[in-house]
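K.L.:
when you get a sec, could you give me coordinates for this:
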Amino acid sequence: MQLPYQEPSSPATTRPQAQSHGEGTFFSDVPSSENGDSIPDEEDVQVLPQELDDCASTASDESFTLKERQDAINKSHPFGIRIWKPALYKKDRSVQKAADGEIHSTPGKRNLARISAGNILWASVFGWWLCLLACCLAVVILLASPSSAGRAYASVLLGLARYLLYPFGQYIELEADEQYAEEDALIGRSVHQFEDIERHLNSRLRARTGESQPLLPGFVGGRANASTINPKRRAFGRGRWSFGRLLFFLMFYTLLAPAMLLVSGICWLFVFPVPMAKLCFLLVHHLRSHPLSLTFHWSVESSLASGERQRKVLLCTYRAMGLRYYKYTVDGTNIFFINLLSVVFFVIADEYVLSSLVGKQRWYTSPALIFILSLLSIIPLAYFIGQAVASISAQSSIGMGAAINAFFGSVVEIFLYCVALSQGKSLLVEGSVVGSILAGILLMPGLSMISGAVIRKTLRFNAKAAGITSTMMLFAVLGAFGPTLFYQIYGSYEIKCRGCNASGSCKRCYFDQNTAIRDPFYQASVKPFTYICAVLLALSYLIGLWFTLRTHAALIWQTPLHEDKTGVETAARHGDLSSGAQSGRFHETDSHRSTSAAIETSSGARPTSDTLRPLPSSRGEERQDSLVATGVPQAVPGHGGHDAPNWSRTKSVVILLMATVLYAVIAEILVDTVDVVLENIDIEEKFLGFTLFALVPNTTEFMNAISFAMNGNIELSMEIGSAYALQVLLLQIPALVAYSAFKNWGLVDDPSFTFSLIFPRWDLVTVVLCVFLLAHVYAEGKSNYFKGSILCMSYVVVLLGFYWIPRKEEQNIWLSSL
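P.N.:
Numbering: from 1, shown residues only. The predicted structure is shown next:
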């Protein structure tokens, strides 16, 4: 039964309010005033389907920014679309501002601000030998060129030596030159921006008592904004040439600049001293552009003693490092993943260049080291592939996004497994597949629940939406492990014995089905059944994508992202300025919950999301709606400003292809070196796949899930684990079956080179039980550390079972019987 639609009373207009319940988003009309504020009514207003369609069509003409589209994807989490936690759009980050402000601080702070453990560490590790290098170069210039030009460059090097020894509290000035005034206009801060120098000199007493008196006005927290690098690139300074200048730049490019850039790179790799990395890099730029215009000062008094006021402050810092810089990003990518790319290139160079030159006997070319570094290299490559896929999906149509995620979301793991199968490591692949499934349904949700409990004791999620995921998971498990169950019931068993003597007594005998591939019953019945199940698994993924295309396209991908429409244009299209307010974003109120409850109680089901669209809310959008309603044009953010993509589609495609190629190279190296680990460490091949090969490539997914949980979105955290497990079951397993069929076409199946969907009984039982355990956890709709601990401990139990399987002995018996 549907409740009658009630017209709201004038003068209030009706605004559709978006309410999310996990299964979709629906609208309920509540009265609102002309300025967009909601007005509570005595009764909840119900909406008929035709009104919902009208609202959706009205909203369909409004384009999303990338931020809104990513929020909508993460809110509705449609099947087959990559869920990604890091922002795909440009945003103001405090850590970036802090790093830039750290090297552009206010000169003249009290001396206590110059002393810290990180500063002393800088002086003891880098400062002393950089100072000694600069002093030696100054002496060489003085001895070789005692002219005025040589003395000028030597003076710069001596000032640089003092600065590099302990730069904290010192600052660098650029002396103004009218000849280069236009060139220097964009860099540094003018000394004329000092407040009152005389007042500063008279306030030294207050500074000693703990009051900080900033010298440059307009500084936030005593720091200036980062100066712009000189757009005119000078490689050899400016002015007339001389022997001293020639000698300076010869030693600068051969000794000083490489040393400073090396220090900058080391500081960048260690992350926490990022300010010193930026400072050294900028200092190299200033030294090559205008060395004779630089002066180094320990205090403001030393600057005033020079008597020249036409100067600009370039660099000033007080701290060498900070703990918060682990959040530092470049184009939205965390600095740790950027730094790990160096490991990727080192592994490739080590395997293909160094090993051929010096052999594999050195420690840095040993297979064990290459194996460890190859595993580490997978983490940044998986991250870049994931971010590129998410960026392309958010900036493209839903069909393109689903296709990109389906192919590149699993292609790296599939390629790794195919390489392993081609080298006869089917047990490694089997353990990796089972380990990935159990990590997605046990370990990832468990860690997410525990992480979420750190912030809040109990988190709630939509149990019905989770039930849909559990249902699809049960079908995927049935399709993937159905051939195993079928063969376990109807297949033939063999008795195998070990340690038998001449009298016929044996130490150990047991039933075994390891020769399934050689069994005529397998060839006649189980093998066709396996192919059919693989096809059905892939078909179910396509059906899920089709469902997403039919339901979520209207939610997220209404209009192309690049279309810019103002509120007036939108309102004019519908013939009414107030319609622009109706197509805006709205906030959730308590009346919406009661409305949804009334609809659910009366009709037995919530309105579906087939024609609706989630409308992300923000605090500043009510103001925008009111401006649209009054006819004031509002510009949609462009591609180059705030909320613009960190990576354009072209850049995302290039990064995606490059990362995929590098992953393929690393996968080849990794599989080639795995034998060294198996030979030198008492570990089973399948257990190695269950742990390292299953967990390391999924590090990014674990980070996203834990980050969502710590932000209170436990439903999305659990969805990430379930989505990955489904991707393994519905995409990776059919792909591996197809690869095995292609490789063995017309040949006798070799168990070591075949992925046959015939798993051991332990694998079958543990996966089925763990899926039911996850479904039971989903049923209540609550998350806490108790449930998370149960899931994690269940994973540990299964992990120990895989560790103690006597796999090597059974494999030897089976191989000897062939």
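K.L.:
sec struct for Phe755, please.
P.N.:
Three-state call for Phe755 (DSSP: H, G, I helix; E, B strand; the rest coil): coil.
K.L.:
gap between it and Tyr724?
P.N.:
19 Å (CB to CB, to the nearest Å). For every residue, glycine as well, the C-beta is placed using N, CA and C.
K.L.:
try Thr484
P.N.:
Using CB to CB, one obtains 22 Å as the distance from Thr484 to Tyr724.
K.L.:
how about Tyr795?
P.N.:
15 Å.
K.L.:
now Ala775
P.N.:
Here Ala775 is placed at a distance of 17 Å from Tyr724 (CB to CB).
K.L.:
out of those two, which sits in the more crowded spot?
P.N.:
Set side by side, Ala775 and Tyr724 show more neighbours around Tyr724, with 23 against 17, by other CB atoms under 10 Å.
K.L.:
counting by contacts, list what whichever strand or helix holds the more buried one packs against.
P.N.:
Assigned by DSSP states H and E, Tyr724 belongs to helix 714-727. Applying 3 or more CB pairs under 8 Å, 6 or more residues apart in numbering; DSSP states H and E, one finds that helix 714-727 makes contact with helix 426-438, helix 444-455, helix 463-490, helix 699-710.
K.L.:
average pLDDT across stretch 337-353?
P.N.:
Averaging pLDDT along stretch 337-353 yields 93.
K.L.:
please read the previous query as pertaining to stretch 430-438.
P.N.:
Mean predicted lDDT for stretch 430-438 stands at 94.
K.L.:
I figured Trp128 was touching Leu165, is that so?
P.N.:
Yes - using CB atoms under 8 Å, Trp128 makes contact with Leu165 at a distance of 6.5 Å.
K.L.:
those two - which one has more neighbours?
P.N.:
Leu165 (19 against 14).
K.L.:
quickly note the distance from the more buried one to Phe296.
P.N.:
11 Å.
K.L.:
likewise for Ala134?
P.N.:
11 Å.
K.L.:
now Met260
P.N.:
Taken as CB to CB, the span from Met260 to Phe296 is 15 Å.
K.L.:
what's near enough to touch the nearest residue to Gly781 once chain neighbours are set aside?
P.N.:
Distances taken as CB to CB, 6 or more residues apart in numbering place Ala463 nearest to Gly781, at 3.4 Å, with adjacent residues excluded. Ala463 makes contact with Tyr778, Ala779, Glu780, Gly781, according to CB atoms under 8 Å, 6 or more residues apart in numbering.
K.L.:
at 10 Å what do you get?
P.N.:
By CB atoms under 10 Å, 6 or more residues apart in numbering, Ala463 lies in contact with Gly22, Ser470, Glu715, Tyr778, Ala779, Glu780, Gly781, Lys782.
K.L.:
among the residues you listed, which pair sits farthest apart?
P.N.:
The span of those, defined through CB to CB, is set by Ser470 and Lys782 at 15.4 Å.
K.L.:
the two: which has the busier surroundings?
P.N.:
More crowded of Ser470 and Lys782, by other CB under 10 Å: Ser470, with 19 against 16.
K.L.:
rewinding a little: among the helices and strands packed on helix 714-727, which is nearest Asp682?
P.N.:
That would be helix 426-438 among those, by CB to CB, at 15.6 Å.
K.L.:
the closest one relative to helix 699-710, how many degrees between them?
P.N.:
10 degrees (axes from the mean of the first three to the mean of the last three CA atoms, to 10 degrees).
K.L.:
now helix 426-438: buried residues?
P.N.:
426-438 (16 or more other CB atoms under 10 Å).
K.L.:
swap in stretch 531-547?
P.N.:
Buried residues in stretch 531-547, counted by 16+ other CB under 10 Å: Cys533, Ala534, Leu536, Leu537, Ala538, Ser540, Tyr541, Gly544, Leu545.
K.L.:
quick one, strands of the protein?
P.N.:
Taking DSSP state E as the criterion, the chain carries its strands at 13-20, 25-32, 171-175, 189-190, 294-297, 311-316, 329-330, 333-334, 459-460, 494-498, 508-512, 782-783.
K.L.:
for the fourth one, the averaged confidence score.
P.N.:
Per-region confidence: strand 189-190 scores 63 on mean pLDDT.
K.L.:
the last one now?
P.N.:
The average pLDDT within strand 782-783 is 86.
K.L.:
and Gly265, how many neighbours does it have?
P.N.:
15.
K.L.:
that one contacts Met276, correct?
P.N.:
No - in this structure Gly265 lies outside contact range of Met276 using CB atoms under 10 Å: 11.2 Å.
K.L.:
what about Ala117, how many residues nearby?
P.N.:
9.
K.L.:
contacts only, for it.
P.N.:
Shown in contact with Ala117 (CB under 10 Å, 6+ apart): Ala320, Met321.
K.L.:
quickly note the distance from it to Thr317.
P.N.:
15 Å.
K.L.:
on that earlier part again, what's the overlap in contacts for Ala134 and Phe296?
P.N.:
Listed as contacting both Ala134 and Phe296 by CB under 10 Å, 6+ apart are Val156, Leu158, Gly159, Leu160, Ala161, Arg162, Tyr163, Leu164.
K.L.:
put together JSON lines for these, with neighbour count, distance to Ile790 and pLDDT on each row.
P.N.:
Formatted as JSON lines, these follow (neighbours: other CB atoms under 10 Å; distance: CB to CB, whole Å; pLDDT from 0 to 100):
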{"residue": "Val156", "neighbour count": "21", "distance to Ile790": "66", "pLDDT": "93"}
{"residue": "Leu158", "neighbour count": "18", "distance to Ile790": "67", "pLDDT": "94"}
{"residue": "Gly159", "neighbour count": "18", "distance to Ile790": "64", "pLDDT": "93"}
{"residue": "Leu160", "neighbour count": "26", "distance to Ile790": "61", "pLDDT": "94"}
{"residue": "Ala161", "neighbour count": "20", "distance to Ile790": "62", "pLDDT": "94"}
{"residue": "Arg162", "neighbour count": "15", "distance to Ile790": "62", "pLDDT": "93"}
{"residue": "Tyr163", "neighbour count": "23", "distance to Ile790": "58", "pLDDT": "93"}
{"residue": "Leu164", "neighbour count": "29", "distance to Ile790": "56", "pLDDT": "94"}
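K.L.:
which ones among those residues map onto helices?
P.N.:
Of the shared contacts of Ala134 and Phe296, the ones assigned to helices by DSSP state H are Val156, Leu158, Gly159, Leu160, Ala161, Arg162, Tyr163, Leu164.
K.L.:
which residues sit in contact with the fourth one?
P.N.:
Just to be clear, that refers to Leu160. 130-131, 133-135, 137-138, 167, 172, 256, 260, 283, 287, 291, 294, 296.
K.L.:
of the residues you listed, grab the buried ones for PyMOL.
P.N.:
Per 16+ other CB under 10 Å, the buried members of the contacts of Leu160 correspond to this PyMOL selection:
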select buried, resi 130+131+133+134+135+137+138+167+172+256+260+283+287+291+294+296
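K.L.:
restricted to helices, list the contacts of Leu160.
P.N.:
Among the contacts of Leu160, the ones falling in helices (DSSP H) are Leu130, Cys131, Leu133, Ala134, Cys135, Leu137, Ala138, Met260, Leu283, Leu287.
K.L.:
hmm, Pro367 is touching Leu678, no?
P.N.:
No - when contacts are counted by CB under 10 Å, Pro367 is not listed as touching Leu678 (11.2 Å).
K.L.:
neighbour count winner among these two?
P.N.:
The neighbour count for Pro367 versus Leu678, taken as other CB under 10 Å, is higher for Pro367 (20 against 15).
K.L.:
distance of that one relative to Ile172?
P.N.:
49 Å.
K.L.:
for Glu719, same thing?
P.N.:
Glu719 is 51 Å from Ile172, by CB to CB.
K.L.:
first-to-last residue distance for stretch 455-470?
P.N.:
Stretch 455-470 has an end-to-end distance of 26 Å (CA to CA, to the nearest Å).
K.L.:
many thanks, we can stop here.
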